[in-house]
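Peer 1: sequence first, then the predicted structure:
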Amino acid sequence: MLAVVFLLTAAVLVLVQARMRRQVRADLASTLRTESRVYAELEKIRRDQAQQSAQLIANQPTLKALMSTNDRPTVEDGSKSMLAMSRADFLILENPHNEMLALHSKSTGVNAAQVEPLLRATEGSEDWWFVEGRLYDVNFVPIVAGFGREERVLGRLALGHEMRADSILSSGSFGKSAFAFERQGKLLLSSLPTDVWGDLESSLPHDNSSTSERDFEVRGERFLASSVELPGSHPVRLYSLQSYDQATSFLHALNRMLIVLGAVAVLAGALIAFFISRQITRPLEQLVAGAKQLQQGDFNFKIPARGNDEVADLSRAFEEMRESLKKSREGMLRSARLEAVGRLAGGVAHDFNNLVMIIKGYSDMLLDSATPEAKPHIEEIKRAGDRASALTRQLLAFSRKQILEPQVLDPNQTVRNMVKMLHVLIGADIELVTSLSDEIGRVQADPGQLEQVVMNLAVNARDAMSSGGKLIIETRAAHLDADYAAVNPEARAGDYVLLAVTDNGCGMSKETQAHIFEPFFTTKEQGKGTGLGLATVYGIVKQSKGHIAVYSELNVGTTFKIYLPAVSTSAQAQAPQKTASAAKGTGTVLLVEDEPALRLLAAASLKRLGYSVIEAENGVEALTLADTAAKIDVVVADIVMPQMGGPEMVEKLRARRGNFAVIFMTGYTEAAALENARIGSETVLLHKPFSSETLAAKIQELQKAAWPAAKAASSST
């Protein structure tokens, strides 16, 4: 009986030991995979930050001026201070001919003889260099001067950051594991003692095509490792490794304890063994389950950490990693939502523009033949269309895709023109004070959009002063230096005109200030605010190439500062616009518009004024119809259409026939489409929505301008 008991005890011990070894190996492998992948992600984020830092240095006018000299002593002396500013371990400047102009290093081991071969062998934007026993992560950015066709490459900037074992371990990415950087069988850096590097090099697997776990021995000790490749022109492989023997060493003591307890009381020993095994393996199982949840995108899976042992430390490290990944994911999702909302608003505004133009166009046509009783109703429809146009402009301003009509203007005059309206807007219990400096310059902005900015900020201030207060609007000249631009990446150094709006209302907390420019964010009661006011202000300022800053304290007040680039040109005097009915005209108009209702409206309006109209749905159809037309005087086309856009269609039509004027129509479109559209200086751009009178007037202007040229051409023949 005693032998049976011992045999059963031994069998239980063997089974428990085998199961625990498998479980420990699986948990250890999962931990190593997680650590290597997490460090790879952190390294990618650090590289992106280093790339941005290098780009900021490369964009400095001082550096561009130095590189344009292409003189090595000049560049070497002028760029000494940039190494400290970059916080890198070495800085290299190279001209377009792959000649090194400057080398600054914190280490004397990095010299030109060692760096130049590596510099020539690196073609991408990042690489790993091994110099004098030290591993460096190197980032490259081009140094470019000029814009557009005048753009030219002055050279290349390289920033190197030394990879140090102590700093990598202090980041907490590897927990209790060791790490090693290897390339082509050579160990470059490791947290293991240097006396085992040679044995580790010979033991590491040379097949780097897989990132699965590997078992190998170093001086008789078994290790388990997981690897991942870190990209670059000369990539390196990162190993996260841990001793498998050390991880399972506790099993031997456990076996001895269970044997003694089994000899005394098998039942008690079995219960104790089961309890201990569950206490040890459950946290590891939870870590494995947490890793699987992270792989599936669940960042809310929490693991309780109890005690101060290695497993508890690993659990706490896992929790910190989970929280960090969760915050990063939420930030990316928030940015994606804002971008999606902006695109949606711009797209809705574009389609809404076409509908508003149809409503206003047919209202104008109905007014010409309406009875006196019907005219007030039709005029009310037209006014509703005008209000819809204003709403469209606000949506486009919010999405920063508004087609602005900038002109040089005096901000002081804009504020003076709005004083009477602002008094009505803010109410009698709020005092309005203006402090307008006569020493400011002029700005180039859309007058209507600048008024919208002032009005939205005034409304925001009014709502913050429910019991009355003081609203101050002031202007003054301002200069933003490079230090300010470095702290505020959205701003550029230069001369500005400052427009400040200050109230002594309830103020805002830091948490609220972090979200005030987000669309649909509001602190007002439900139904009393859309959350688009400050988002619209932000969009207008950014589209006008300006900068906005806010300063606020609870129960003290808020100041919004709008910085608009100052220009030296005198303000333009706005001529009063005269509205008149469209005059009759003659000639053939090729009308190309993909919106059927809008095309029918424009065609009917032009035919009513005496024009012969050829209608086409897109550029391809327009070219086909143009081949059969005897004469085309004016082409009226939308910029963006399916199959073929307006600019491409006009270019191909000019190759077949000439002597016609061009009018392009556009509402909302992507900025890249407007920039890439080859629109000649002889064409006219009409922004939707526009009236039929405006279209007819533009056609007649083009015909009058073209008539003297046509007469001169006929007389010369």
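Peer 2: Cool, got the structure. Fair warning: this is a prediction, and the values are worked out from it, not measured in the lab.
Peer 1: give me the element E320 is part of.
Peer 2: With the criterion set as DSSP states H and E, the secondary-structure element containing E320 is helix 310-369.
Peer 1: quick check: mean pLDDT of that helix?
Peer 2: Helix 310-369 shows a mean pLDDT of 70.
Peer 1: repeat for stretch 649-657
Peer 2: Mean predicted lDDT for stretch 649-657 stands at 89.
Peer 1: buried ones in that stretch, by neighbour count?
Peer 2: Taking 16 or more other Cβ atoms under 10 Å as the basis for neighbour counts, the residues of stretch 649-657 that come out buried are M649, V650, L653. C-beta here means a position set from N, CA and C on the backbone, and glycine is covered the same way.
Peer 1: what's the first helix or strand after the helix or strand of the chain with the lowest mean pLDDT?
Peer 2: Among the helical and strand segments of the chain, the one scoring lowest on mean pLDDT, DSSP states H and E is helix 671-676, with a mean of 43. Taking DSSP H and E as the definition, the helix or strand that follows helix 671-676 towards the C-terminus is strand 684-687.
Peer 1: would you mark the buried spots in that next one?
Peer 2: Along strand 684-687, the positions that meet the burial threshold by neighbour count (16+ other Cβ under 10 Å) are V684, H687.
Peer 1: F664 should be in a strand, yeah?
Peer 2: Yes. Inclusion of F664 in a strand is indicated when DSSP: H, G, I helix; E, B strand; the rest coil is applied.
Peer 1: for A225, see how far away it is.
Peer 2: As for F664, its distance to A225 is 63 Å (criterion: Cβ to Cβ, to the nearest Å).
Peer 1: swap in L157?
Peer 2: 36 Å.
Peer 1: now, which of the buried residues of stretch 649-657 sits nearest Q452?
Peer 2: Comparing those against Q452 with Cβ to Cβ picks out V650 as the nearest, at 33.7 Å.
Peer 1: can you name every helix or strand that the host helix or strand of the closest one contacts?
Peer 2: With secondary structure defined by DSSP H and E, V650 is part of helix 646-656. Here helix 646-656 touches helix 619-628, strand 634-638, strand 661-666, going by 3 or more Cβ pairs under 8 Å, 6 or more residues apart in numbering; DSSP states H and E.
Peer 1: deepest-packed of these, please.
Peer 2: Ranked by mean neighbour count, these are led by strand 634-638 with a mean of 25 (mean count of other Cβ atoms under 10 Å).
Peer 1: hmm, who's touching that strand?
Peer 2: In this structure, residues lying in contact with strand 634-638 by Cβ atoms under 8 Å, 6 or more residues apart in numbering are 587-595, 602, 619, 622, 645-646, 649-650, 653, 660-666, 695, 699, 702-703.
Peer 1: neighbouring strands - and their directions - for the host helix or strand of V433?
Peer 2: Using DSSP H and E, the secondary-structure element containing V433 is strand 430-436. According to DSSP bridges, the neighbouring strands of strand 430-436, each with its direction, are strand 469-480 (parallel).
Peer 1: ok, the closest residue to I473 other than its chain neighbours - contacts?
Peer 2: For I473, the nearest residue in space outside its immediate sequence neighbours is T434; the separation is 5.1 Å by Cβ to Cβ, 6 or more residues apart in numbering. Counting by Cβ under 8 Å, 6+ apart, T434 makes contact with V415, R416, V419, I472, I473, E474.
Peer 1: ok, now which ones touch the first one?
Peer 2: What that stands for is V415. Shown in contact with V415 (Cβ under 8 Å, 6+ apart): T434, L436, V454, I473, T475, L499.
Peer 1: which strand or helix spans it?
Peer 2: When elements are defined using DSSP H and E, V415 is found to belong to helix 411-426.
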